[in-house]
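> using only what follows, build the 3D model:
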Amino acid sequence: MKIIVPIKKYIEVLDASSFSEERKETLQPLVDFINNKILQKQPIQLNFICTHNSRRSHFAQVWAQTMAAYFNVPNMQCFSGGTEATALFPMVATTLENTGFKVSKESENNNPVYKISYSENTPPILGFSKKYDDEANPQKEFAAIMTCSQADAGCPFVAGSEKRIAIMYEDPKVSDGTPLQQQVYQERSKQIATEMKYVFSQINL
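I've put the predicted structure just below:
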């Protein structure tokens, strides 16, 4: 797997030990789910779910898929969805592009599709807003990872999921329209990238 060089360099300097033991405990069920799937030689499907599928769930999907490639974790597919569909927020795409991802916008409608590439030799991730049970997402044998408290509360049951895991992130939306917007989105992306690096560094291959 040939990860795009700027992304690889970005990952290499992330400090995956820089957060609390309590946070590591929050991430442990995801580590356990992936390790169990590998042990059983089964495909691994992760669906990151937030209310609008516009910011945090996309960051988590992209970084989890990228870290799986970085750590050579096989049979991994990452998805994202919301309790409702809106649109991928443009600053998410810009933040990923600034980190080294190759991003192209494929349409100009109210819910455009973005192609997001972390590697030269794998198909791009398709980034667009959708409900968690959209036909583009797995319908069974997946882990539902709730990335915001609203989705966790609003989605008491995720049909088809084997495991439900809550890994909450603060919404970078709070910075929209302020001079700090770019910085806040970069910080949230980096936090999610760092935690996904920790998760995948704990996988037993």
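
> what's the burial count for Tyr185?
23 (other CB atoms under 10 Å). (Glycine included, C-beta is placed from N, CA and C.)

> right, and it touches Ser175 too?
Yes. Checked against CB atoms under 8 Å, the pair Tyr185 and Ser175 is within contact range at 7.1 Å.

> just name the shakiest helix or strand of the protein by mean pLDDT.
helix 149-154 (a mean of 65; mean pLDDT, DSSP states H and E).

> which element follows it toward the C-terminus?
From helix 149-154 onward toward the C-terminus, using DSSP states H and E, the following helix or strand is strand 161-166.

> just the buried residues of that following strand, please?
Of the residues in strand 161-166, those with enough neighbours to count as buried (16 or more other CB atoms under 10 Å) are Ser161, Lys163, Arg164, Ile165.

> identify the residues contacting the third one.
Think Arg164. With contacts taken as CB atoms under 8 Å, 6 or more residues apart in numbering, Arg164 has the following neighbours: Ala143, Ala144, Met146, Val158.

> which residue ranges form the strands in the protein?
Residue ranges of the strands in the chain, as given by DSSP state E, are 44-50, 76-82, 102-105, 114-117, 125-127, 142-146, 161-166.

> out of those, deepest packed?
Taking mean count of other CB atoms under 10 Å as the contact definition, the stretch among those with the greatest mean neighbour count is strand 44-50, which reaches a mean of 27.

> can you list the strands that it pairs with?
Next to strand 44-50 in the sheet, as set by DSSP bridges, lie strand 76-82 (parallel), strand 142-146 (parallel).

> max-length helix in this protein?
Across the chain, the longest stretch assigned as helix under DSSP state H is helix 181-201.

> what helices or strands is it leaning on?
Under the contact criterion of 3 or more CB pairs under 8 Å, 6 or more residues apart in numbering; DSSP states H and E, the helices and strands touching helix 181-201 comprise helix 5-12, helix 21-39, helix 56-70, helix 90-99.

> can you give me the buried ones in the last one?
Yep, that's helix 90-99 we're talking about. By neighbour count on 16+ other CB under 10 Å, the buried set for helix 90-99 is Met91, Val92, Ala93, Thr95, Leu96, Thr99.

> swap in the longest one?
Taking 16+ other CB under 10 Å as the basis for neighbour counts, the residues of helix 21-39 that come out buried are Lys24, Thr26, Leu27, Pro29, Leu30, Val31, Phe33, Ile34, Asn35, Lys37, Ile38.

> picking that back up, can I get the helices and strands packed on helix 181-201 in CSV including mean pLDDT and distance to Asn121?
Shown next, in CSV, are these (pLDDT from 0 to 100; distance: least, CB to CB, whole Å):
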stretch, mean pLDDT, distance to Asn121
helix 5-12, 97, 13
helix 21-39, 97, 23
helix 56-70, 98, 10
helix 90-99, 98, 19
